[in-house]
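In: Have a look at this fold, sequence not included:
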């Protein structure tokens, strides 16, 4: 039996049959994609601009809630164990429990939320998919900003939030891009299956 539930099909379920082997392969690919997206970065303060959140949200929407959350938890674990998967090829306990750690933990919950919305058929509609990505981003920021504030802004939550505004704009652009990708992918899969 696979780690996804058969009654809530996501895009990947229409392409790959469910099994433990496919689940392990998908989680592995998702970790790799997220790690590569973390390295695609523009240096900035207090954290770099990356494509990580785009990868997290697309994986959640494509894999579903359970596999999406497991993928992001595995990503965090692999990084803690020393693989250079976090932004700037960083890794280790200090990276996870430092200024950026709240964002990484937020990835788990965001992938689960966006994945659940995809299971409820939000992923085939541009407006709904974009809205789910915005909500996923809100989860990431809600968990990341307080931790960032503690480490970088002397616990000043307003200063940390203000510093993240350019990142929020960047993530809004990514939400629109991602919102277009999944419905397009659904359309392609449906046309191939016909």
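Out: Arrived safely. These numbers were taken from a predicted model, which means no experiment stands behind them.

In: Would you map the strands across this protein?
Out: Remark: strands assigned in the chain by DSSP state E are 41-42, 49-50.

In: Show me what the last one is packed against.
Out: It refers to strand 49-50. Other helices and strands packing on strand 49-50, by 3 or more Cβ pairs under 8 Å, 6 or more residues apart in numbering; DSSP states H and E, are helix 20-39, strand 41-42. Placement of C-beta: from N, CA and C, glycine included.

In: and if you look at the first one?
Out: Here strand 41-42 is seen to pack against strand 49-50 when contacts are counted using 3+ Cβ pairs under 8 Å, 6+ apart.

In: rewinding a little: output the strands of the chain in a markdown table; the columns should cover mean neighbour count.
Out: Listed next are the strands of the chain as a markdown table, based on neighbours: other Cβ atoms under 10 Å:
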| stretch | mean neighbour count |
| --- | --- |
| strand 41-42 | 12 |
| strand 49-50 | 19 |
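
In: and residue 119, how many neighbours?
Out: Using other Cβ atoms under 10 Å, residue 119 has 22 neighbouring residues.

In: all helices for this structure, in order.
Out: For the chain, the helices defined by DSSP state H cover 20-39, 52-63, 65-80, 93-96, 101-119, 126-152, 157-193.

In: Save these as a markdown table, and put in mean pLDDT too.
Out: Below are the helices of the chain laid out as a markdown table (pLDDT from 0 to 100):
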| stretch | mean pLDDT |
| --- | --- |
| helix 20-39 | 96 |
| helix 52-63 | 93 |
| helix 65-80 | 97 |
| helix 93-96 | 91 |
| helix 101-119 | 96 |
| helix 126-152 | 94 |
| helix 157-193 | 86 |
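
In: Please consider this matter closed, and thank you.
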